[in-house]
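Asker: Got a predicted structure here, sequence first:
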Amino acid sequence: MITMDNSTQTDSHEFYAKHKKVYPREVHGLFATLRNTGVFVLLGLYYFIPWFRWEGHQAVLFDLPARKFYIFGLTFWPQDFIYLAALLIIAALALFFFTALAGRLWCGYACPQTVWTEIFLWMERWFEGDRNKQIKLDKAPWVGNKIWRKTAKHSLWLSFSLWTGFTFVGYFTPILDLGQSFLKFDLGPWETFWVLFYGLATYGNAGWLREQVCIYMCPYARFQSAMFDKDTLIISYDDKRGDPRGSRKRNADSATLGLGDCVDCTLCVQVCPTGIDIRDGLQYQCIGCAACVDVCNEVMDKMGYPRGLVKYTTQHAIEGVKTHLLRPRMVVYAILLVVISTALGYKMATRTPLRLDIIRDRNALYRETNEGLIENTYNLKIINMDKQDHQFLLSASGIDNLKLVIDKTRIDVPAGTTTSLPARVQVDPANLSKVGYDIHFDLQAVDNAKLHVIEKGRFIGPLFK
Amino acid sequence: MTEPSKPIPKIQEIISVLWPSFLTAGLATILFFVAFDPHLIMVVSGYGDISRLGGYTIGFFLFWILTSTSCALTCYFRTPTDDIDKK
């Protein structure tokens, strides 16, 4: 096996160079409980939400085949992409805000990589026992017991992963239909592909790659330190109190032995999911899961020493300086968050589920009618994004005595559909004094005053000398 | 420049090609298909029997091939030119 020792010359052609399997020891305590809560809530939501129904349809469905997104009572169309973009910006800002405030909270408690790995670790422990048993089992020869335990573990992992993949596809195609086709072995080729793709990605990431995803693949892990300052919460070993390290009897007095409080039990290393030693100082591999805090507190309790040899603290606190919660970057992140969230909320609340697209006829700039009027032709697309059918009235304005010619005065557009409507606009040349005019098309629902849009179009006339 | 650091492990090299290209291909897929309906593209190009979900899938993998090619070429051209004669 290749050692983790950094001084070892690494061969760049070694596939798993430097990598040594990490066997995280099971840990109990406050932060482990918080993480487990995170696992239950987040994964519970993930597996449950697609089955939840709302007003006769799947409550959350990103219906790719129909190009419509349903989120509870709201229906989004591709034209509403701006909301998704705003939502992503808010998510990114929130991540920055919480990182500056409390370090890698996301990594330690909420990241899918963390929560799925946690579940996979539980399953591993069911079949292979805790850390020591796992190490022993891996060293053991491939005989009955090992084959049985490994097969059972991987079978459970794979089934769980497939279920995960199935749920994932269930967000994009109605999950009830998907379930029925699945039971009848009649799943479409694309659906099958994505179930397997996402399932195997889960199996590979949570079962095999684990901490390597954080170390090699995660972009956030690389740049999160940019959000850190001396007032950010970090997990740190108190070396002034802990060193020099050494083993001793329970309740022994550190001072008389000439030792620090660290009993050098290495449990903090054993519980670490990324296999680092927190006592070497802050490292970018540290995902801030606080497993070492929990386990060290347990040891300190047993030794009769005060807790907090490894704890959540800040760089300033370590240096004996006061920690400031309110810093310029916190204020800036907070203001940006509030402004964009408010803007999104306002836009959502005042969103009109109606859209009018105006496409000018590209074949001719203008045409002269038999009556001597200048005519422009348009193709109007009316998108009724509401959940009810509506009848609309269309008018146009912008040039004196402008005449709008359409086939019907009342335009029926059923709920959730698009209607195309050819329209002609005629103007007496006497009213034209320049080549191009902006004209406005005004679309109004007959039964709902709020359902109303005005779109700008372009009217082109002949060139005057 | 400082002393060149040790070469990165092979797995990191592979990940550094496949993974960023996966992320950008995902982003490109979203942006592209927000603007263009895959079904219409398929019909126009004579593959009308491929469903929308199929269109998204094919689109995603085409993007991934493109982006990973670009990532791989970047890695390739990063080799110091001094090393070429030594081989």
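Answerer: The structure has been received and is ready for your questions.
Asker: Identify all contacting residues around stretch A:299-314.
Answerer: A:230-238, A:241-242, A:250-252, A:254, A:261-263, A:265, A:267-268, A:278-279, A:290, A:292-293, A:296-297, A:323 (Cβ atoms under 8 Å, 6 or more residues apart in numbering or on different chains). For every residue, glycine as well, the C-beta is placed using N, CA and C.
Asker: residues of the helix or strand hosting A:F96 that come out buried?
Answerer: A:F96 is part of helix A:81-102 when elements are defined by DSSP states H and E. Neighbour-count burial for helix A:81-102, counted by 16 or more other Cβ atoms under 10 Å in any protein chain shown, picks out A:83, A:86, A:90, A:93, A:95-102.
Asker: same question, stretch A:228-243
Answerer: A:228-229, A:231-239, A:242.
Asker: Endpoints of it, how far apart?
Answerer: 26 Å (Cα to Cα, to the nearest Å).
Asker: before we move on, what about stretch A:166-181?
Answerer: Span of stretch A:166-181 from end to end, Cα to Cα: 12 Å.
Asker: same thing with stretch A:268-279?
Answerer: 9 Å.
Asker: and if you look at stretch A:194-211?
Answerer: Taking Cα to Cα as the criterion, the two ends of stretch A:194-211 lie 24 Å apart.
Asker: Check stretch A:99-111 too.
Answerer: 13 Å.
Asker: Contacts made by it with the rest, please.
Answerer: A:31, A:34-35, A:38, A:42, A:95, A:98, A:114, A:214, A:220-221, A:224, A:227-229, A:232-235, A:286-290, A:325, A:327, A:329-330, A:333.
Asker: from those residues, which ones fall inside strands?
Answerer: With DSSP state E as the criterion, strands contain A:234-235 from among these.
Asker: Would you write a PyMOL line that selects the buried entries of the contacts of stretch A:99-111?
Answerer: Applied in PyMOL, the following selects the buried portion of those according to 16+ other Cβ under 10 Å:
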select buried, chain A and resi 31+34+35+38+42+95+98+114+214+221+224+227+228+229+232+233+234+235+286+287+288+289+290+327+330+333
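Asker: any chance you could map the helices in chain B?
Answerer: With DSSP state H as the criterion, chain B has helices at B:10-35, B:38-44, B:52-77, B:82-86.
Asker: Which residue ranges make up the domains of chain A?
Answerer: Domain segmentation of chain A under automatic domain parsing yields A:13-351, A:354-460.
Asker: Switch those domains over to CSV; also include mean pLDDT.
Answerer: Listed next are the domains of chain A as CSV, based on pLDDT from 0 to 100:
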stretch, mean pLDDT
domain A:13-351, 91
domain A:354-460, 90
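Asker: do you know which of those domains lies nearest B:F60?
Answerer: For these, the distance to B:F60 is smallest for domain A:13-351, at 9.9 Å, taking Cβ to Cβ.
Asker: Output the below-cut-off pLDDT ranges for chain B.
Answerer: B:1-5, B:83-87 (pLDDT under 70).
Asker: Please work out which residue of the stretch 151-300 of chain A is closest to chain B.
Answerer: In the stretch 151-300 of chain A, the residue that lies nearest chain B is A:W190 (4.3 Å; Cβ to the nearest Cβ).
Asker: So which of the domains of chain A is nearest B:K6?
Answerer: domain A:13-351 (9.6 Å).
Asker: before we move on, the earlier item: out of the buried residues of stretch A:228-243, what pair is the most spread apart?
Answerer: Across the buried residues of stretch A:228-243, the longest distance by Cβ to Cβ is 24.8 Å; it joins A:D229 and A:G242.
Asker: still on that earlier bit, for burial, what's the neighbour tally of the residue of the stretch 151-300 of chain A closest to chain B?
Answerer: 21 (other Cβ atoms under 10 Å in any protein chain shown).
Asker: do the same with the one 5 residues further on
Answerer: The number of residues packed around A:V195, counting by other Cβ under 10 Å, is 23.
Asker: how would you label it: helix, strand or coil?
Answerer: Recorded secondary structure, A:V195: helix (DSSP: H, G, I helix; E, B strand; the rest coil).
Asker: out of everything not next to it in sequence, what's closest to the spatially most central residue of chain B?
Answerer: The centroid of chain B falls nearest to B:T67 when counting by Cα atoms, centre = their mean (2.2 Å). Spatial nearest neighbour of B:T67, excluding adjacent residues (Cβ to Cβ, 6 or more residues apart in numbering or on different chains): B:S21 at 3.7 Å.
Asker: Go ahead and confirm A:W77 touches A:I383.
Answerer: Yes: here A:W77 reaches A:I383: they are 6.8 Å apart, a contact under Cβ atoms under 8 Å.
Asker: between these two, what contacts are shared?
Answerer: A:R355.
Asker: How much space separates the residue of the stretch 151-300 of chain A closest to chain B from B:G59?
Answerer: Taking Cβ to Cβ, to the nearest Å as the measure, A:W190 falls 12 Å from B:G59.
Asker: quick revisit: gap between the helix holding A:F96 and the chain center?
Answerer: Offset of helix A:81-102 from its chain centre (Cα atoms, centre = their mean, to the nearest Å): 10 Å.
Asker: what about the closest residue to chain B within the stretch 351-465 of chain A, neighbour count?
Answerer: As assessed by Cβ to the nearest Cβ, chain B sits closest to A:T418 within the stretch 351-465 of chain A, at 11.2 Å. Using other Cβ under 10 Å, A:T418 has 14 neighbouring residues.
Asker: How about it, nearest residue that isn't a chain neighbour?
Answerer: A:I383 (4.8 Å).
Asker: Helix or strand: which one has the one you found?
Answerer: Here A:I383 sits within strand A:374-384, counting by DSSP H and E.
Asker: Sheet partners, orientation included, of that strand?
Answerer: Partners of strand A:374-384 in the sheet, by DSSP bridges, are strand A:354-360 (antiparallel), strand A:367-368 (antiparallel), strand A:417-427 (antiparallel).
Asker: just to revisit the earlier point, can I get the buried residues of helix A:81-102 in TSV including distance to B:P7?
Answerer: Output for these, formatted as TSV (distance: Cβ to Cβ, whole Å):
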residue	distance to B:P7
A:Y83	45
A:A86	42
A:I90	40
A:L93	37
A:L95	32
A:F96	33
A:F97	37
A:F98	36
A:T99	31
A:A100	34
A:L101	37
A:A102	36
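Asker: With respect to chain B, which of those is nearest?
Answerer: Looking at those and their distance to chain B, the nearest is A:Y83, at 11.5 Å (Cβ to the nearest Cβ).
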